[in-house]
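> Please find the sequence and the predicted model below.
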Amino acid sequence: MIRLDNVHKAFGPKKVLQGFSLEVPEGDTVAIIGYSGTGKSVAIKHIVGLLEPDQGTVFVDDLEVQALSRPALYQLRARIGYVFQFAALFDSLSVGDNVAMGLRKQGTHSDREIADRVHEALALVDLPGAAEVFPIELSGGMRKRVGIARAIALRPKYLLYDEPTTGLDPVTSAVINELMLRMQRTLGVTSIVITHDMKSAYTVATRIAMLYEGKVRQVGTVEEIQHSDDPVVRGFIEGRADVDPGHSI
């Protein structure tokens, strides 16, 4: 289980998280929605120790993340796959080398094991013959799929997706959504998906949490969110500009 309890985070005078609390039970896929600039990505960076809370606690499998030693934090990160918003691939490396990066960094796998994991991960994202090509040769959707392959090559227990459908056309977004569902079905991973794409959230999530003014405004099943009577939640999911005209863009 992942649990964030009363997390506060500020950058100078800007208060981003102001009592953010969320539980993600094993097997769930939780989508965190909210306006741009409200701190969705900031929230999940606490889970892997990329940020530390100013106040509050973050637990993964009953381990308090901010209290871990550096070696223990690296061990924890090996159980968490992180899919970056724009894939974050290295254009100077082949697709195969990009996917293998995390495995090589661990230093516990033979070359044969790494090659097998890379082949397995690329096959799972429907790119079985792409190991020798370079990211510059790929479409945006294919780059996103390579980013997912790199994350799952570690065989993680948890997957964190940061805006996985941003910048993609509707058809390619649907492909990425299906891949996220496949990861849950095939690998049994527990996932958090940061998104403002409501179609994606409705498709992949077992629960949805809306982040607003630094904390969770509402959390519930897809049906509960779709039928919410909270005016802020309804305004966001319906795309109405009159509900929160002062939000960050």
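Alright, I've got the coordinates.
> When you work out contacts or count neighbours from here on, use the C-alpha atoms and nothing else.
Fine.
> need the contact list for Gly56.
Shown in contact with Gly56 (CA atoms under 8 Å, 6 or more residues apart in numbering): Leu4, Asp5, Asn6, Val7, His8, Gly19.
> What backbone torsions are found at the residue nearest to Leu89 when sequence neighbours are not counted?
Residue nearest to Leu89 in three dimensions, not counting chain neighbours: Asn98, with 6.5 Å by CA to CA, 6 or more residues apart in numbering. Here the main-chain torsion angles of Asn98 (degrees, to the nearest 10) amount to phi -60, psi -50.
> Of all residues in this structure, which one is nearest the centre?
The residue at the geometric middle of the chain, judged as the C-alpha nearest the mean C-alpha position with CA atoms, centre = their mean, is Tyr161 (1.9 Å).
> export the helix or strand where that residue lies as CSV, just CAs?
With the criterion set as DSSP states H and E, the secondary-structure element containing Tyr161 is strand 158-162. C-alpha atoms of strand 158-162 as CSV (Å, rounded to 0.1, in the frame of the first residue of the first chain):
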residue,chain,number,x,y,z
TYR,A,158,4.0,-0.1,-8.3
LEU,A,159,3.8,2.1,-11.4
LEU,A,160,3.5,5.9,-11.3
TYR,A,161,2.4,7.5,-14.6
ASP,A,162,2.8,11.3,-15.0
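> The biggest helix by length in the chain: what's the following helix or strand?
As far as residue count goes, and with DSSP state H defining each element, the longest helix of the chain is helix 170-187. Following the chain from helix 170-187 toward its C-terminal end, the next helix or strand by DSSP H and E is strand 190-194.
> that older thread, partner strands of the strand holding Tyr161, with direction?
According to DSSP bridges, strand 158-162 has the following sheet partners: strand 80-83 (parallel), strand 190-194 (parallel).
> hey, least reliable of these by pLDDT?
Note on the strands paired with strand 158-162: strand 80-83 shows the lowest mean pLDDT, a mean of 91.
> How far off centre is that one?
Here the centre of strand 80-83 is set off from its chain's centre by 7 Å, with CA atoms, centre = their mean, to the nearest Å.
> And for stretch 113-120?
Offset of stretch 113-120 from its chain centre (CA atoms, centre = their mean): 23 Å.
> what residue ranges in this structure score low on pLDDT?
Counting by pLDDT under 70, the chain shows low-confidence ranges at 241-249.
> about what we covered before: so for the longest helix of the chain, what gets flagged as buried?
172-184 (16 or more other CA atoms under 10 Å).
> Out of those, flag the one nearest to Arg150.
When the buried residues of helix 170-187 are compared for distance to Arg150, the smallest value, 12.7 Å, is given by Met183; criterion: CA to CA.
> how about the closest one, what does it touch?
Val189.
> go with 10 Å
When contacts are counted by CA atoms under 10 Å, 6 or more residues apart in numbering, Met183 is found next to Leu124, Val125, Ile148, Ile152, Leu159, Asn177, Val189, Thr190, Ser191.
> Those residues into a markdown table, with extra columns for distance to Ala131?
Below are the contacts of Met183 laid out as a markdown table (distance: CA to CA, whole Å):
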| residue | distance to Ala131 |
| --- | --- |
| Leu124 | 13 |
| Val125 | 12 |
| Ile148 | 14 |
| Ile152 | 15 |
| Leu159 | 22 |
| Asn177 | 23 |
| Val189 | 24 |
| Thr190 | 27 |
| Ser191 | 26 |
